[in-house]
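> sequence and computational prediction follow.
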Amino acid sequence: MEEARLIAPRLLVRPSPAKIKHQKGIDIRKPQTKSGRIRPTQVQLTLNRAASPNSYKFKSIMKRLLKRLAFVALLAISFHRLAAATWEQVWSDEFNVPDINRSNWTYDTGGDGWGNKELEYYTSRAQNSYVTNDTTYGSCLVIEARKEQFKNRSYTSARLKTQGLQHWTYGKVEARIRIPRGQGIWPAFWMLGEDITTVGWPGCGEIDIMENIGREPNIVHGTVHGPGYSGENGKSGATTLASGAFADNFHVYAVEWGPDRIEWFVDGTSYFSVIPGSLSGPWVFNHNFFLILNVAVGGSWPGSPTATTVFPQQMWVDYVRVYRDTSLPPPSGDTMHVADLAMGINASGPSWQATATVRVVDGQGQLVSGATVTGQWSGLVSGGNTSFVTDASGMAGPFYSQKTRASGTIRFCVGGITKSGATYVPTANVESCDSSTH
């Protein structure tokens with residue numbers, strides 16, 4: 001599907017109006033003394049005094065100049081580091097199984113406005129979030145906002161999160177999404193710091209990868225929130241489509257997140273970035289964050305739906321993927337990798353299916369229990385069970401592919417391994433993919 005072309009980004013930072021003084025033109029004709037020497041004008045004498053290295057004005061100008069040069073240098077260094085990054089996928093959810101993977105996602109539920117005067121009640125019902133294999137879009141997660149009376153609210157929707165299940169420090173985080181549309185509709189793909197339960201918001205940090213409000217169909221926003229720059233004062237940027245609306249097609253929304261820089265992309269095009277020096281408060285993005293996908297209805301920012309808003313509205317998510325920058329060391333803590341991947345065949349009459357088992361060990365070669373292993377099937381079939389937790393012997397599985405009667409090859413690849421306090425290092429895998437042929 002052809003992606004719509006992006007035009008130049010625009011920043012949403014709204015500085016206070018500055019008083020700019022405009023000096024009228026100076027007559028360059030210089031009066032002379034009788035001796036022929038040029039007599040300095042009053043303007044020249046003033047400028048000469050300001051230019052003196054010992055003057056207050058000179059020192060003030062130089063101080064501001066040095067600060068700006070340091071900021072530009074830091075920006076250039078940070079940009080070069082991320083631009084040179086080599087990304088290695090460490091986790092994904094391709095939504096290619098019939099149900100939402102509860103090893104990856106849990107729910108926020110309730111209808112208290114969520115601090116934004118939202119109008120929906122978030123539920124964990126199948127009516128508001130489900131995986132479907134659509135004839136046009138393929139297998140996707142769907143979050144559906146509905147106009148219906150539910151408990152104390154007139155709208156329902158869903159808010160899925162990986163909190164307590166999957167989290168990451170740094171990396172490239174992206175999702176391919178077709179957003180909903182309409183006045184009062186507010187889709188979002190974002191992250192919160194895992195320490196929100198102890199330090200609260202905004203101390204935990206928030207990274208909004210993509211937000212859209214219905215009255216701006218051709219604009220998406222990227223924002224960070226932290227102490228001193230939260231809510232309406234978040235540090236934000238936006239990008240605008242040259243034609244059409246973001247809801248017309250799928251687009252890939254991403255951030256590249258490092259120790260000292262976060263950069264936003266739509267369809268591979270960068271449109272905004274922040275570094276510590278560009279924020280009006282502390283940098284609170286050097287720890288674990290979890291993902292959130294939701295569709296809000298109403299709120300202080302988008303406003304309420306009107307008679308023109310059509311319900312239900314759906315956000316389609318093709319995939320969510322997380323990569324790590326191989327130039328950075330893994331976060332502190334234990335590491336994990338695949339020590340063995342074994343494939344097999346389970347045949348019954350004319351049908352057969354592939355099987356896979358995965359053994360996980362830590363950096364010292366010790367068996368790892370309680371780790372969630374996710375995988376992907378490809379080849380003759382693309383479905384099957386894709387998530388298992390390792391047992392006491394470090395074994396996950398057996399994974400089973402869908403059954404088929406055709407002859408050929410079915411392939412299984414490990415997509416990710418997660419466990420609290422440990423980091424999956426794919427480059428240490430003995431093998432990441434294997435196949436069975438029948």
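Arrived safely, thanks for sending.
> where does the stretch 301-438 of the chain dip in pLDDT?
Applying pLDDT under 70 to the stretch 301-438 of the chain flags the ranges 330-333.
> what segments of it are helices?
Counting by DSSP state H, counting those that start in this stretch, the stretch 301-438 of the chain has no helices at all.
> show me the strands in it, by range?
Using DSSP state E, counting those that start in this stretch, the strands of the stretch 301-438 of the chain run over residues 313-325, 334-348, 351-362, 372-379, 387-389, 395-400, 409-418, 422-424, 433-437.
> quick one, which of those strands is nearest to residue 96?
Smallest distance to residue 96 across those (CB to CB): 7.3 Å, for strand 372-379. Where C-beta positions appear, they are placed from N, C-alpha and C, glycine not excepted.
> which residues sit against the closest one?
For strand 372-379, the surrounding residues in contact (CB atoms under 8 Å, 6 or more residues apart in numbering) are 91-94, 96, 101, 103-104, 165, 354, 356, 358, 360, 382-384, 386-390, 396-397, 399, 401-402, 408-419, 435.
> dump the strands of the stretch 301-438 of the chain into JSON lines; add distance to residue 119 as well.
Listed next are these as JSON lines, based on distance: least, CB to CB, whole Å:
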{"stretch": "strand 313-325", "distance to residue 119": "13"}
{"stretch": "strand 334-348", "distance to residue 119": "43"}
{"stretch": "strand 351-362", "distance to residue 119": "44"}
{"stretch": "strand 372-379", "distance to residue 119": "35"}
{"stretch": "strand 387-389", "distance to residue 119": "34"}
{"stretch": "strand 395-400", "distance to residue 119": "42"}
{"stretch": "strand 409-418", "distance to residue 119": "34"}
{"stretch": "strand 422-424", "distance to residue 119": "39"}
{"stretch": "strand 433-437", "distance to residue 119": "46"}
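> columns mean neighbour count and distance to residue 278 on top of those, output as TSV?
Output for those, formatted as TSV (neighbours: other CB atoms under 10 Å; distance: least, CB to CB, whole Å):
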stretch	mean neighbour count	distance to residue 278
strand 313-325	22	21
strand 334-348	16	33
strand 351-362	21	39
strand 372-379	22	36
strand 387-389	17	39
strand 395-400	20	43
strand 409-418	22	32
strand 422-424	22	29
strand 433-437	16	41
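> quick one, which of those strands is nearest to residue 296?
strand 313-325 (10.6 Å).
> angle of the closest one against strand 409-418?
Going by axes from the mean of the first three to the mean of the last three CA atoms, to 10 degrees, strand 313-325 is angled at 80 degrees with respect to strand 409-418.
> find the nearest non-adjacent residue to residue 241, please.
residue 218 (4.2 Å; CB to CB, 6 or more residues apart in numbering).
> tell me, how many residues neighbour the one you found?
Residue 218: 18 surrounding residues under other CB atoms under 10 Å.
> pretty sure residue 399 sits against residue 357.
Yes: counting by CB atoms under 8 Å, residue 357 is a contact partner of residue 399 at 7.3 Å.
> count the neighbours of residue 214 for me.
Around residue 214 there are 24 other residues, counting by other CB under 10 Å.
> so what's it up against?
Neighbours of residue 214 in contact, by CB under 8 Å, 6+ apart: 180-186, 302, 309.
> identify the residues contacting the residue nearest the centre of the chain.
In the chain, the residue lying closest to the centroid (CA atoms, centre = their mean) is residue 209, at 4.0 Å. With contact taken as CB under 8 Å, 6+ apart, residue 209 is in contact with 173, 175, 189-191, 222, 253-255, 264.
> for residue 415, same thing?
Applying CB under 8 Å, 6+ apart, the residues near residue 415 are 89, 91-92, 94, 374-376, 386.
> looking at these, spot the one nearest residue 244.
Checking the contacts of residue 415 one by one against residue 244 (CB to CB), the nearest turns out to be residue 94, at 26.6 Å.
> quick check, the closest one in contact with residue 319.
Yes: under the criterion of CB under 8 Å, residue 94 makes contact with residue 319 at 4.9 Å.
> for residue 197, give me phi and psi.
Torsion angles at residue 197 (phi, psi; degrees, to the nearest 10) stand at phi -70, psi -20.
> burial count for it?
Residues near residue 197, counting by other CB under 10 Å: 10.
> from residue 173, how far out is it?
For residue 197, the distance to residue 173 equals 21 Å [CB to CB, to the nearest Å].
> then residue 407?
39 Å.
> these two: who's more crowded?
The residue with more neighbours, out of residue 407 and residue 173, is residue 173; 23 against 9, by other CB under 10 Å.
> can you list the neighbours in contact with the helix or strand that one falls within?
Assessed by DSSP states H and E, residue 173 sits inside strand 171-178. Applying CB under 8 Å, 6+ apart, the contact partners of strand 171-178 are 85, 87, 90, 137, 187, 189, 191, 209-210, 247, 249-257, 265, 291, 293, 315-325.
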